[in-house]
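Trainee: Provided below are the primary sequence and the corresponding predicted coordinates.
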Amino acid sequence: MTRRRVVRAAALLVAAAVAVGGGVWGVSAATGSSAPSVKTVVAGRSTVREVVEAPATVVPRSTVTVSSPASGTVADLLVADGATVIAGQELLRIDSPQAEQQLAEAKRADAQLSRATPAASSGTGTGAVAARSAAAAAAAAKGFAQARAAAEQIPDAAAKSQALTAITTAEAQYSAAQSAADEAVRQVQAGTGSLTSAVSALVSAQRLQTRAAVQLAQQAVDSLVVRAPAGGRVTLQAPSASASSGLDAALGSLPAGLADQASSLLGSSAGQAVAGAGGSGSGGPPLSEGLPVTSGSGLLTITDDSAVSLSADVDETDILLVQRGVHAGISLDAVPGAVYQGVVTSVEASPAGSSGGSVSYRVRLSLSAGDLADGRPAPRPRPGMSAVADLRVRTAKDALSVPAAAVFRVGDRDAVWVVQDGRARQRLVSLGAQGEDLVQVVAGLQQGERVVASGTDRLHDGDRVS
């Protein structure tokens, strides 16, 4: 990122004295063999505008990627590439024998447990009930841990978060029921409770688990009809065949009775739309009917370009000058000579990234209509176009100013050469707005004083200057 300082002053430096905002710029060249060749000017007043230049990209209002809710094949593709859809519209249907089988098995396990009444199990000894409770708790803990590990492998951040939340909720509910069952077993062992009550509590805890599995498996089947999460233009992707290989491996390691539940948990989350996700699949053929898909693989992208804005990267050395409401002139590589206008709407608190030791921050700007060089309306930008934003961060009106070339560094301070009694004297100054041609001097210099504007590197304190 580069920083450009731009000034549109009320007057320009010329070879002769020019009146500027009530002050005078006087330009003269030193002569004589004993005096260095320099140019001097008289400090005057003008308007100085400081501009930070930042590379930017045109972005759409929103972009969402829709992923597959389960492994299977595309049974019906209801939209074409480039079609415009509305939120809630059916996009495709997936045929997934695996999801259907998981639902059937979850229902079967729940029905089987519902028949395990306390009366049928009360003949079991206290020790056996305690062992059964401990084994169930250990298996559940292991299953939830492995389900959580599987969820961590979901590539989409939003889908991962949804899966982890579902697992945490199910685990909390199961833990509460299991605690009640453990307490009932302890009461039996202490002789203060009945064996039937202990068995009933244990069955209730396990039943809670199977009912959750049925509910989540049903959600996974329902999600096989994929709908648009938002309106916009459709871009079909090439589904990645390996998108969920890590998930499948993790799910395969779950203990019996929990694999279906974890798969349902993760499958129901995998089909959610993920805001801001990108990618175009594996580079194979785009989505079509009959094509196999895997759980979590991207199917299509929906882009809402009804309104566009700008995303700019501002260097860390300039970011403290950029705030909401700062105006900017914007140019596009695709439309040479056109100028668009924008306003900063947000500045991210954390850095967007670093490259070669340089840290940048993401800045969002609104993007208004532009004008061509001949005054005609400029074409509407498209998402992805490259741009440059000139952020007008500071404006100083009627400011005491000198040419930018007159300022040089002395240690960590700014300085100028002031001509006093025909000799150059070093003077430390404090600067305000800093433009490309002019800089504002806020301390250390008075209006009307003459400063050296060029050849500053050839001077020493006390050198004669005419």
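Mentor: Arrived safely. Numbers count the residues shown, from 1 in each chain.
Trainee: contacts, neighbours, all on C-alpha from now
Mentor: Fine.
Trainee: so which strand or helix has residue 220?
Mentor: helix 195-222 (DSSP states H and E).
Trainee: do the same with residue 162
Mentor: Assigned by DSSP H and E, residue 162 falls in helix 157-189.
Trainee: show me where pLDDT drops low in the stretch 201-350 of the chain?
Mentor: Within the stretch 201-350 of the chain, the segments meeting pLDDT under 70 span 201-208, 240-284.
Trainee: would you state the strands of it in chain order?
Mentor: Ranges of strands in the stretch 201-350 of the chain, per DSSP state E, counting those that start in this stretch, are 225-227, 232-236, 273-275, 292-293, 298-315, 327-332, 335-355.
Trainee: which strand in this structure runs the most residues?
Mentor: Among the segments of the chain that qualify as a strand by DSSP state E, the longest is strand 44-67.
Trainee: and it with strand 298-315, angle?
Mentor: With axes from the mean of the first three to the mean of the last three C-alpha atoms, to 10 degrees applied, the angle from strand 44-67 to strand 298-315 works out at 160 degrees.
Trainee: just use 19 as the starting number from now, easier for me
Mentor: In the new count, where the first residue is 19, that last one comes out as strand 62-85.
Trainee: quick one: buried residues of strand 62-85?
Mentor: 62-78, 80-85 (16 or more other C-alpha atoms under 10 Å).
Trainee: just stretch 421-434 next, same as before
Mentor: Buried residues in stretch 421-434 (16+ other C-alpha under 10 Å): 421-426, 433-434.
Trainee: and those, which two are the farthest apart?
Mentor: Farthest-apart pair in the buried residues of stretch 421-434 is 421 and 433; separation 12.4 Å (C-alpha to C-alpha).
Trainee: nearest spatial neighbour of residue 323, skipping sequence neighbours?
Mentor: Spatial nearest neighbour of residue 323, excluding adjacent residues (C-alpha to C-alpha, 6 or more residues apart in numbering): residue 78 at 4.7 Å.
Trainee: typo on my end, it should be residue 324
Mentor: residue 79 (6.9 Å).
Trainee: on that earlier part again, using CSV, write out every CA atom in the longest strand of the chain.
Mentor: Output of strand 62-85 as CSV, limited to C-alpha atoms (Å, rounded to 0.1, in the frame of the first residue of the first chain):
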residue,chain,number,x,y,z
GLY,A,62,1.7,31.9,3.2
ARG,A,63,-1.8,30.6,3.7
SER,A,64,-3.8,28.1,1.6
THR,A,65,-6.1,25.1,1.8
VAL,A,66,-4.2,21.8,2.3
ARG,A,67,-5.9,18.4,1.9
GLU,A,68,-4.3,15.2,3.0
VAL,A,69,-5.3,12.1,1.2
VAL,A,70,-4.5,8.4,2.0
GLU,A,71,-4.5,6.1,-1.0
ALA,A,72,-5.6,2.5,-0.5
PRO,A,73,-6.2,-0.4,-2.9
ALA,A,74,-9.7,-1.6,-2.9
THR,A,75,-12.2,-4.1,-4.4
VAL,A,76,-15.8,-3.7,-5.4
VAL,A,77,-17.9,-6.1,-3.3
PRO,A,78,-21.6,-7.1,-3.6
ARG,A,79,-24.3,-6.6,-0.9
SER,A,80,-24.0,-10.3,0.1
THR,A,81,-22.6,-13.6,-1.0
VAL,A,82,-23.7,-16.9,0.4
THR,A,83,-22.5,-20.4,-0.5
VAL,A,84,-25.0,-23.2,-0.2
SER,A,85,-23.5,-26.6,0.8
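Trainee: who does the helix or strand following that strand touch, helix- and strand-wise?
Mentor: For strand 62-85, the following helix or strand on the C-terminal side (DSSP H and E) is strand 90-95. Here strand 90-95 touches strand 108-113, strand 310-311, going by 3 or more C-alpha pairs under 8 Å, 6 or more residues apart in numbering; DSSP states H and E.
Trainee: what about the first one, average pLDDT?
Mentor: So that's strand 108-113. In this model, strand 108-113 has a mean pLDDT of 93.
Trainee: just checking, what packs against the helix or strand just after that strand?
Mentor: Sequence-wise, the next helix or strand downstream of strand 108-113 (DSSP H and E) is helix 115-132. Using 3+ C-alpha pairs under 8 Å, 6+ apart, the elements in contact with helix 115-132 are helix 213-240, helix 277-288.
Trainee: can you list the buried residues in helix 115-132?
Mentor: Buried residues in helix 115-132, defined by neighbour count with 16+ other C-alpha under 10 Å: 117-118, 120-125, 127-128, 131.
Trainee: how many neighbours does the closest residue to residue 361 other than its chain neighbours have?
Mentor: Distances taken as C-alpha to C-alpha, 6+ apart place residue 345 nearest to residue 361, at 4.5 Å, with adjacent residues excluded. Residue 345 has 21 neighbouring residues, counting by other C-alpha atoms under 10 Å.
Trainee: how close does residue 345 get to residue 325?
Mentor: According to C-alpha to C-alpha, to the nearest Å, residue 345 stands 19 Å off from residue 325.
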